[in-house]
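> Below is the structure, and that's it, no one-letter string:
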């Protein structure tokens with residue numbers, strides 16, 4: 001079978017620019033609902049992205065940016081409640097179709113499906129958030145395009161640990177040498193490489209553009225589509241203006 005046999009996608013920042021105008025807004029609305037005066041600005045949220053996972057991000061905020069907060073006795077439950085409220089707000093934003101997919105994402109997904117290439121997701125966001133995004137941006141039932149959805153707390157250690165990629169690979173029964181991973185951040189790149197995935201393509205966004213991606217196979221601003229050419233930042237440039245299967249197949253052997 002021709003390489004690659006599967007494409008594995010991160011979600012936030014990779015499928016869509018959800019961090020600044022999705023998750024950040026949802027966090028702030030959850031804080032307001034809880035009577036908290038916390039407001040995560042665009043700049044502050046960029047700093048909070050140093051850690052992955054929503055509950056972990058709240059804890060990181062308290063430990064590093066809001067040490068004077070009078071913490072409740074059961075901090076874990078408090079954080080979990082905030083995160084559940086945040087998820088509800090995020091899904092509401094998705095229902096409003098507030099955030100589109102990044103350029104070229106739907107094109108590549110459709111191309112992979114037509115070619116019989118398996119699809120999966122490896123993310124630190126919740127399964128509910130994944131479904132909300134997919135349902136709001138792709139045709140009905142598109143969540144079933146993804147054979148495995150590795151999301152949220154299915155593994156104990158989140159990116160940059162490789163656990164979520166290892167979990168997905170095990171359930172797909174795929175060798176890491178047979179797949180391509182798509183990421184947007186240095187944490188995600190480290191996680192994919194740590195799981196043994198050799199070919200990792202990165203599409204940066206405003207929050208991740210300055211991060212180090214020397215271990216990536218190639219880095220672009222987007223995957224590109226008819227209205228937005230893929231601009232190579234690092235690694236081999238595509239012969240055309242988009243990252244498509246023809247280009248991806250030049251990055252690895254035809255047989256594995």
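Looks like it arrived, so ask away. Source: prediction; values computed, not measured.
> now the strands for the protein?
Counting by DSSP state E, one finds strands in the chain at the ranges 6-9, 118-122, 148-150, 179-183, 199-203, 218-220, 232-234.
> Quick one: closest of the ones you listed to residue 108.
Nearest to residue 108 among the strands of the chain is strand 6-9; the distance by Cβ to Cβ comes to 7.6 Å. From N, CA and C alone the C-beta is placed, and that goes for glycine too.
> what helices or strands is that closest one leaning on?
The helices and strands touching strand 6-9, judged by 3 or more Cβ pairs under 8 Å, 6 or more residues apart in numbering; DSSP states H and E, are strand 118-122, helix 163-172, strand 179-183.
> And these: which comes nearest residue 34?
When those are ranked by proximity to residue 34, the top entry is helix 163-172, at 28.7 Å, counting by Cβ to Cβ.
> Check which residues of the closest one are buried.
For helix 163-172, the buried set under the neighbour-count rule, 16 or more other Cβ atoms under 10 Å, comprises 163, 164, 165, 166, 167, 168, 169, 172.
> again with stretch 247-256
The neighbour-count check on stretch 247-256 (16+ other Cβ under 10 Å) flags 247, 248, 251, 252 as buried.
> Now distance to residue 233 and pLDDT too, for the residues you listed, in JSON lines please.
Converted to JSON lines, the buried residues of stretch 247-256 look like this (distance: Cβ to Cβ, whole Å; pLDDT from 0 to 100):
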{"residue": "247", "distance to residue 233": "15", "pLDDT": "96"}
{"residue": "248", "distance to residue 233": "17", "pLDDT": "97"}
{"residue": "251", "distance to residue 233": "16", "pLDDT": "95"}
{"residue": "252", "distance to residue 233": "20", "pLDDT": "87"}
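> circling back: could you dump the buried residues of helix 163-172 into a markdown table with pLDDT added?
Listed next are these as a markdown table, based on pLDDT from 0 to 100:
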| residue | pLDDT |
| --- | --- |
| 163 | 98 |
| 164 | 98 |
| 165 | 98 |
| 166 | 98 |
| 167 | 98 |
| 168 | 98 |
| 169 | 98 |
| 172 | 98 |
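> Please list the members of the buried residues of stretch 247-256 that lie in helices.
Using DSSP state H, the members of the buried residues of stretch 247-256 that fall within helices are 247, 248.
> Run a quick neighbour tally on residue 65.
For residue 65, the tally of surrounding residues (other Cβ atoms under 10 Å) stands at 13.
> Go ahead and confirm it touches residue 45.
No: distance between residue 65 and residue 45: 10.8 Å, which falls outside the contact criterion (Cβ atoms under 8 Å).
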